[in-house]
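Novice: got a sequence here, can you build the structure:
(one chain, ligands or ions: 1)
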Amino acid sequence: MDAEFVRYETNDGVAVITLDRPQAANAQTPQVLRELDDAWSESDKDREVRVVVLRTVGKHFSAGHDMQGGGDRALGPQRVDGALTVDTYYDWEERGYLHYAKRWRDLVKPSIAAVQGKCIAAGLMLCWPCDLIIAADNAQFSDPVGLMGMPGIEFFAHPWEFGPRRAKQLLFTASALSAEQARECGMVNEVVPLGQLESRTAELATSIAAMDPWAVRLAKRAINGAVDAMGFSNSIAANFDIHHLGHARAIAHTGGQTSVMADLAAMKARNNS
Ligand code: ZN
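Specialist: Numbering: from 1, shown residues only. Alright, predicted model coming up:
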């Protein structure tokens with residue numbers, strides 16, 4: 001695999017996908033997401049692979065989408081006369097963000113995310129698609145995009161992951177959950193000391209790899225299917241549209257800059273002119 005920020009290694013039936021961009025707290029650019037998707041595809045194709053581990057290098061799991069542009073703007077949303085438009089931005093996020101999270105969730109092999117430090121906003125779109133999540137005791141989960149006038153990230157699994165009331169509190173206050181709180185609400189399987197994150201994840205991967213892969217595949221299919229029957233995928237699709245009402249307002253008011261302050265400043269300027 002030819003990649004700048006993502007490593008892919010296999011050993012004894014376990015594939016390890018490593019996002020290695022610690023200098024930017026593993027923020028996700030379009031290139032990073034494409035490289036991650038290539039690694040997921042590789043694990044899917046490799047017949048020797050029975051379980052996939054997703055991990056990142058550095059203090060924090062992921063700071064979310066790279067809001068600095070990340071140097072590869074050409075891979076991002078199409079602009080019309082230099083400006084974002086509602087339709088091209090929706091199209092870009094559907095292909096470039098939502099599609100990946102949905103696809104990784106639905107790959108047939110079991111997966112485990114190992115999370116340390118901060119997992120902010122779209123960081124959740126890396127670990128949520130995984131079947132199991134092991135968190136270091138210093139992990140913190142948040143989706144503070146309410147501060148940018150947005151309801152939540154593109155892959156809106158919050159009510160499913162946190163439970164409705166916890167999800168509301170988290171989003172209404174732009175606050176974070178500790179690893180232990182995330183475990184209490186069922187989002188995280190296990191919390192381990194930071195120094196044991198890698199070894200415990202490897203141990204769990206090894207025990208899954210020792211199982212009958214067909215049985216594991218069927219169990220995954222049965223559980224994801226049950227969650228879908230409860231409305232998960234329809235809810236994700238509907239909430240992506242709601243997410244884009246947030247972007248549409250920002251595009252109308254500020255040309256796309258998703259910031260409440262920028263929105264308010266632009267509205268005030270218009271009202272005064
Ligand atoms: Zn978005």
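Novice: phi first, then psi, for G152.
Specialist: phi 170, psi 180 (degrees, to the nearest 10).
Novice: same check, this time on the one 4 residues further on
Specialist: The phi/psi pair for F156 (degrees, to the nearest 10) reads phi -90, psi 80.
Novice: the ion contacts on the protein?
Specialist: With Cβ under 5 Å from the ion as the criterion, the chain meets the ion at residues E93, E154. Backbone N, C-alpha and C define where each C-beta goes, glycine included.
Novice: contacts only, for whichever residue of the stretch 1-150 of the chain sits closest to the ion.
Specialist: In the stretch 1-150 of the chain, the residue found nearest to the ion is E93; the distance is 4.8 Å by Cβ to the ion. Contact analysis of E93 by Cβ atoms under 8 Å, 6 or more residues apart in numbering lists P77, E154, F240, H243, H244, H247.
Novice: which among the residues you listed count as buried?
Specialist: Neighbour-count burial (16 or more other Cβ atoms under 10 Å) applied to the contacts of E93 gives P77, E154, F240, H243, H244, H247.
Novice: need those in JSON lines with pLDDT, can you?
Specialist: JSON lines is the format used below for the buried ones among the contacts of E93 (pLDDT from 0 to 100):
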{"residue": "P77", "pLDDT": "82"}
{"residue": "E154", "pLDDT": "98"}
{"residue": "F240", "pLDDT": "98"}
{"residue": "H243", "pLDDT": "97"}
{"residue": "H244", "pLDDT": "97"}
{"residue": "H247", "pLDDT": "93"}
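Novice: ok but I133 is inside a helix, no?
Specialist: No - using DSSP: H, G, I helix; E, B strand; the rest coil, the secondary structure at I133 is strand, not a helix.
Novice: surely it and L124 touch.
Specialist: No - counting by Cβ atoms under 8 Å, I133 does not reach L124; the two are 10.0 Å apart.
Novice: off-centre distance for stretch 223-231?
Specialist: Distance of stretch 223-231 from its chain centroid, counting by Cα atoms, centre = their mean, to the nearest Å, is 20 Å.
Novice: could you pull out the strands for the stretch 101-250 of the chain?
Specialist: Ranges of strands in the stretch 101-250 of the chain, per DSSP state E, counting those that start in this stretch, are 111-115, 118-120, 132-136, 140-142, 176-178, 190-192.
Novice: quick check: which of the ones you listed is nearest to N26?
Specialist: Of all these, strand 118-120 sits nearest to N26, with 9.4 Å by Cβ to Cβ.
Novice: mind giving me the packing neighbours of the closest one?
Specialist: strand 140-142 (3 or more Cβ pairs under 8 Å, 6 or more residues apart in numbering; DSSP states H and E).
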